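**Q** the amino acid sequence is not available; the structure is as follows:
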């Protein structure tokens, strides 16, 4: 009887010690990754590849050579006479409301040179040219659009001289000064130098 009571007491003590030990056992601290909580784990663990931008090709600068034809003695060019002279020199009305000379031997739509009024708008509209007078013309060639700009410059020079003769004007350089033989030689040399440099450049491309 006494042994049974002692066994029960020991059992109760064992259970009490077990429960006391669990209650006083330090809790395991679980540290949560703040990146996981914020949903940043996948961003940090994923390698971000930044694409290398393709180099943007810069547009080629426009290089032009100009000549002017100015009315002599302040007498303007009559619009109708100017139109007839432009057409007889092989010029055609077109883009930008000005006249252009094209190479009729091929389908190239790039003008050999162009002629505009020496005004702010530059327009020469055949529909109403007869109603106006013009004190000057601007002729220009875009050098970097041609393989042989020196050849096209000579065509433009011939047209400028013919327009001046037809209308009673004088040919001026890009600074609107009388085109002298010396100045003309300088222009030719400049264009020829540009032409040669472009050809040499293409050899190394």
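**A** Nice, I can see it. For clarity, every value in this text was computed on a predicted model and none was experimentally measured.

**Q** correct me, but residue 86 touches residue 115?
**A** Yes - counting by Cβ atoms under 8 Å, residue 86 touches residue 115, with 6.5 Å between them. Backbone N, C-alpha and C define where each C-beta goes, glycine included.

**Q** need the helices for this protein, in chain order.
**A** Per DSSP state H, the chain carries helices over the ranges 2-24, 34-37, 41-45, 79-88, 149-167, 181-203.

**Q** the fourth one vs helix 149-167, what angle?
**A** What that stands for is helix 79-88. Computed by axes from the mean of the first three to the mean of the last three Cα atoms, to 10 degrees, the angle separating helix 79-88 from helix 149-167 equals 140 degrees.

**Q** again, but for the last one
**A** Angular relation of helix 181-203 and helix 149-167 on a 0 to 180 degree scale: 150 degrees, by the same axes, to 10 degrees.

**Q** so how many other residues sit close to the nearest residue to residue 139 once chain neighbours are set aside?
**A** Nearest non-adjacent residue to residue 139, counting by Cβ to Cβ, 6 or more residues apart in numbering: residue 67, 4.6 Å away. The tally of other residues near residue 67 (other Cβ atoms under 10 Å) stands at 27.

**Q** okay, and the common contacts of residue 86 and residue 115?
**A** Applying Cβ atoms under 8 Å, 6 or more residues apart in numbering, one finds that residue 86 and residue 115 are jointly contacted by 99, 124, 163.
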